[in-house]
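Asker: Sequence and computational prediction follow.
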Amino acid sequence: MQVKIHELAAKEFNEAVEWYELQSKGLGKQFKKTVIEKINLIKKNPHWYLVEESNIYKAYISKFPYKILFTIENNETIIIWAIAHMHRKPWYWQSRIS
């Protein structure tokens, strides 16, 4: 399956990597690696994950308070709408989905 990442999801991911790196050297790299590993797992079996709402799936990031929110389009494309912190502004990303 092909994976597309919404531009705002990519931005929030990069900001989180930078923030974690400022907190502790190497932590940003660890966060980035963990998210990329999770995206690769999603790519292999996207229907395995829990449903957040209607057709939006969620995948939790181990050891970090984040989740990946995505949809599956025509069983061939995964669209990542948000890499969201779980303790901030729930549902802020919904406006990204048309």
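Answerer: Perfect, I can see it now.
Asker: what about the chain, any weak spots by pLDDT?
Answerer: 90-92, 95, 98 (pLDDT under 70).
Asker: got the residue ranges for the helices in it?
Answerer: 7-23, 27-44 (DSSP state H).
Asker: and of those, who's closest to Asn74?
Answerer: helix 27-44 (15.1 Å; CB to CB). Every C-beta, even on glycine, is put in place using the N, C-alpha and C of the backbone.
Asker: Just want the most central residue of the protein.
Answerer: With distances taken as CA atoms, centre = their mean, Ile68 lies nearest the centre of the chain, 2.5 Å away.
Asker: show me the residues around that one that make contact.
Answerer: 35, 38-39, 42, 58-59, 61, 80, 82-84 (CB atoms under 8 Å, 6 or more residues apart in numbering).
Asker: Repeat the analysis, applying 6 Å as the threshold.
Answerer: 59, 80, 83 (CB atoms under 6 Å, 6 or more residues apart in numbering).
Asker: which of those residues has the most neighbours?
Answerer: In terms of neighbours by other CB atoms under 10 Å, the contacts of Ile68 top out with Ile83 at 30 neighbours.
Asker: Just give me the neighbour total for the closest residue to it other than its chain neighbours.
Answerer: The spatial neighbour of Ile83 that comes closest, neighbours along the chain excluded (CB to CB, 6 or more residues apart in numbering), is Phe13 at 4.5 Å. Number of residues near Phe13 (other CB under 10 Å) recorded here: 22.
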